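Asks: Sequence and predicted structure, then a few things I'm wondering about:
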Amino acid sequence: MTSFKTSTLLLAGIATLAMIPGAAQAQSADAPAAAPAATTEDPNTIVVTAQRRSENDMNVPVAVSVIKPEALTDFHAAGADTLLSLSGKVPSLYVETSTGRIFPRFYIRGLGNIDFYLGASQPVEIIQDDVVAEHVILKSNPVFDVGQIEVLKGPQGSLFGRNTTAGIIKFDSAQPTESWQGQGSIGYGRFNSVNADAGIGGPLTKDGTLSFRLSGLYQHRDNWISNTYTGPSDDGTIPGHNVMGGFNERDGRLQLLFKPSSALSIRLSGHVRDYDGNASIFYRDSIIPGTNKVPASFDRSVVAYDEAQNNVQSYQTHGLSLKADYDLGPATLTSITAWEHASGFSRGDTDGGAAANFGGVSTTVPGGICAAGCGQSQGRLRGLDQWSQELRLASPGTGTFNWQVGGMYFDARDNTEFDQRGFFLTSNVLGTTPNPNNWVLLHDVNTSWAVFGQASYKLTEALTLTGGVRVTNDTKTTTLLKANNVVSGTTGFLGATSVRLSATKPSFDASLLYRVDHDVSLFARVARGFRGPTIQGRSAVFGAPFTTANAETNTSYEAGVKTSFLHNRVHFNVTGFYYNVDNMQLNGNDSNGNGVLFNARRGTGYGVEAELEARPVDNFRINMGLSLLHTQIEDSTVYAQVGAAVIGGVAVPSETVLNPTVKVGNNYFAQINGNTFPNAPDYNFNISARYDIPVGGESKVFVAGDFNMQGKTNFVLYRTIEYSADGNNELGAKVGYAFGKYEIAAFVRNLTNNTNLVDVIDTSNYRAGIYNEPRIFGLMISGSFR
């Protein structure tokens, strides 16, 4: 495995080369990475690819938010996760995890999935360089040397397929170029945090027919969390000082672009990832009962874990893709062939520790709550292989009538192992006999095919009608290959050893866009997408049958206005939306910590989004965004299991539940009809700005900052006081000196050192929360050339 020193030197070398002004006699550029090919040379025009072709955003009848490369560089200057750091940075986008860097969960307009199962599907699709990343591990591949990030909101099924009922996040890497170009940034901060992101490319032949782009990312942080546990352990967990919280992220990508003629281009791309770190850190008893606040004694740098070997985590991914475009004259034929592979494991002490670290119940209190050994879990992806093939034929996009048709085939197969272990509890007192390791090995197969088409027609010079349709089949099979279960003293598996679900559904969209004038566009859109059926196989680790959820469909209605003023220096967009999800897929947890799938009759959401991007003068720019959201589950027959524990022989909820509950045995179930969706903030506000002060020539001093705040957010399906947040916010800042296209700056993330509750685990564990990173500060240097 690459050492810290070697990785740092390698990325520093690439970054240094990328920032040399005279490399290959290159000239300076306005941006550190190549954006999508524009339809205009105005640098203030926003160009998007939401309709699978490069277009001025003013001509696109879809709500799209754009994140520029320089903003992403600021967000993860301290080594922050490149995906989690996007949360709240544009309206209606929320990202979180309860598993660590290898399992981000995405939400758009409140619609997402809180399931932590490795085979979970999500209604937000990730598209990286035209390749769909369906599996949750593939979705976690970091973003680096990026050209542009686009967040497409609402169902995108017509052009992008199933599992896009909420929208998609589209990442376009900086591409190979016929001239020498490059960018690089290196940051160093608290806890020996390192972030190095670099890319360089140019011609490999004198005539420019073959070019390349080499990109790399290295992130590192030392361990900073101590494990103070003393006592028995069922898996050899070794406590100590600073044994958790660190990570090593090593990523590389090489792209080759071959243009043998003006009609044909072929891009071959290969990437590799090697990551090791920790699963999410759960802090037991870190929420004061009856509130959602942390105790005064709370310390993010201390836990007491008896299991999970200090939450160790490691994953590796790699893949290849081949994209070919052939201009036939009246149309262009595009083929995208891709293969992705992933493997790794993750362990987590999911009860948040062996004892209450912050004034909670002691392990020695007779009849006290389950205080230790309640369980750890491990997910091991023994091997995932994903293949996809897309063919698309499209008109040039410059005429009165434009169209595209195509088809896609997808095949993903994996072997996944889950285990659960802990100590037996006798009369609610921790015993010393290890619970035998319960484990299962599952084989998952997911195949899908689709045919699609979209067309747009200019009814007048100002009015354009667009419509699209797609028919998709999605089939999933989960098979239990092996099992070693001990469930209430009974060995064996109680359910079917193989489950297959399949659905064939149409998706569609129809929209009108009216260009009032050069500065104003109005649009209205209706769209329907579907999310394929889902199987939850992890329940077999407890001897319980698989749980399933049937396909869901989302029908969305939205209308908005897009504006561009002062020669494109000011962009202001507003969109209002309403959507209705039929047969909504939901996920809760049972008393074993197992995810349970089910469908609700309906879920609805409505809201408004507003965005401002302005550069009124050359030395000042500002971006602002606001989203307001209301969501609601509508089904009087669905209940979600409440986290509960046994105290004095009596089962009681371990949090303050605000919904009506019913008790079945030792379990409590809350009626969730009328509740908001989990992880759906009722508002989100973001702002970022930069001000440059010229000091002579091309030199300037600058100050920049970004801030985001989210409103009331419930982390689980049922309403509680403890498992919610309201007003979470973070502030980042940077001050520095710029000379030409190069900068040196001091930065800080989470400047006010806020302790934000960002997730929970709601099983029988006792108020275990997950929190944001502490304040990280440091120095960074960045630059680019073209």
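Replies: Right, received. Where do you want to start? Because the structure is a prediction, the values reported are computed rather than measured.

Asks: Low-confidence ranges, the stretch 401-550 of the chain, go.
Replies: Along the stretch 401-550 of the chain, segments meeting pLDDT under 70 span 420-437, 485-493.

Asks: And for the chain?
Replies: Applying pLDDT under 70 to the chain picks out residues 1-41, 234-236, 354-376, 420-437, 485-493, 590-594, 645-649, 763-765.

Asks: could you pull out the helices for it?
Replies: For the chain, the helices defined by DSSP state H occupy 4-19, 69-75, 136-139, 157-160.

Asks: elements contacting the last one?
Replies: For helix 157-160, the contact count by 3 or more C-beta pairs under 8 Å, 6 or more residues apart in numbering; DSSP states H and E identifies strand 438-458, strand 463-484, strand 498-517, strand 520-531 as packing neighbours. Quick note: C-beta positions are derived from backbone N, CA and C, even for glycine.

Asks: Please identify the deepest-packed of these.
Replies: strand 520-531 (a mean of 22; mean count of other C-beta atoms under 10 Å).

Asks: all strands of the stretch 51-200 of the chain, in order?
Replies: Listed in chain order, the strands of the stretch 51-200 of the chain (DSSP state E, counting those that start in this stretch) span 55-56, 64-67, 93-96, 105-108, 124-128, 131-133, 146-153, 167-173, 181-189, 193-203.

Asks: helices and strands around the second one, which ones?
Replies: The elements that strand 64-67 packs onto, with contact taken as 3+ C-beta pairs under 8 Å, 6+ apart, are strand 146-153.

Asks: And the strand it packs on, how far out from the chain middle?
Replies: Here strand 146-153 is found 13 Å from its chain centre; the criterion is C-alpha atoms, centre = their mean, to the nearest Å.

Asks: Name the residues that touch it?
Replies: The contact list for strand 146-153 (C-beta atoms under 8 Å, 6 or more residues apart in numbering) reads 33-36, 48-50, 62-69, 72, 86, 90, 92-93, 108-109, 143, 160, 166-175, 575, 577, 609.

Asks: just to revisit the earlier point, got TSV for the helices and strands packed on helix 157-160, with distance to residue 103 too?
Replies: Putting these into TSV (distance: least, C-beta to C-beta, whole Å) gives the following:
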stretch	distance to residue 103
strand 438-458	16
strand 463-484	18
strand 498-517	22
strand 520-531	18
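
Asks: Out of these, flag the one nearest residue 124.
Replies: Between residue 124 and those, the shortest separation by C-beta to C-beta is 10.1 Å, and it involves strand 520-531.

Asks: And the closest one, what does it pack against?
Replies: Packed next to strand 520-531, using 3+ C-beta pairs under 8 Å, 6+ apart, are helix 157-160, strand 498-517, strand 552-565.

Asks: I'd like those written out as JSON lines, with distance to residue 463 added.
Replies: Converted to JSON lines, those look like this (distance: least, C-beta to C-beta, whole Å):
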{"stretch": "helix 157-160", "distance to residue 463": "20"}
{"stretch": "strand 498-517", "distance to residue 463": "5"}
{"stretch": "strand 552-565", "distance to residue 463": "15"}
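
Asks: Out of those, which is closest to residue 776?
Replies: That would be helix 157-160 among the helices and strands packed on strand 520-531, by C-beta to C-beta, at 35.1 Å.

Asks: how far does that closest one sit from the chain's center?
Replies: Here helix 157-160 is found 20 Å from its chain centre; the criterion is C-alpha atoms, centre = their mean.

Asks: go on, stretch 279-299?
Replies: Using C-alpha atoms, centre = their mean, the offset of stretch 279-299 from its chain centre is 24 Å.

Asks: Any chance you could give me it in CSV, C-alpha atoms only?
Replies: Extracted in CSV, the C-alpha atoms of stretch 279-299 (Å, rounded to 0.1, in the frame of the first residue of the first chain):
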residue,chain,number,x,y,z
ALA,A,279,-16.5,3.8,9.6
SER,A,280,-18.7,6.5,11.1
ILE,A,281,-18.1,7.1,14.8
PHE,A,282,-21.2,6.6,16.9
TYR,A,283,-21.1,8.4,20.3
ARG,A,284,-23.1,6.6,22.9
ASP,A,285,-25.3,8.7,25.2
SER,A,286,-24.2,11.8,23.4
ILE,A,287,-27.8,13.2,23.3
ILE,A,288,-29.4,14.6,26.4
PRO,A,289,-32.8,12.8,27.0
GLY,A,290,-35.7,15.0,26.1
THR,A,291,-33.5,17.2,23.9
ASN,A,292,-31.4,17.0,20.8
LYS,A,293,-28.4,18.7,22.5
VAL,A,294,-25.1,17.2,23.5
PRO,A,295,-23.9,17.2,27.2
ALA,A,296,-21.5,19.9,28.3
SER,A,297,-18.9,17.2,28.8
PHE,A,298,-19.2,15.9,25.2
ASP,A,299,-15.8,15.3,23.6
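
Asks: Before I go, just wanted to say thanks for your time.
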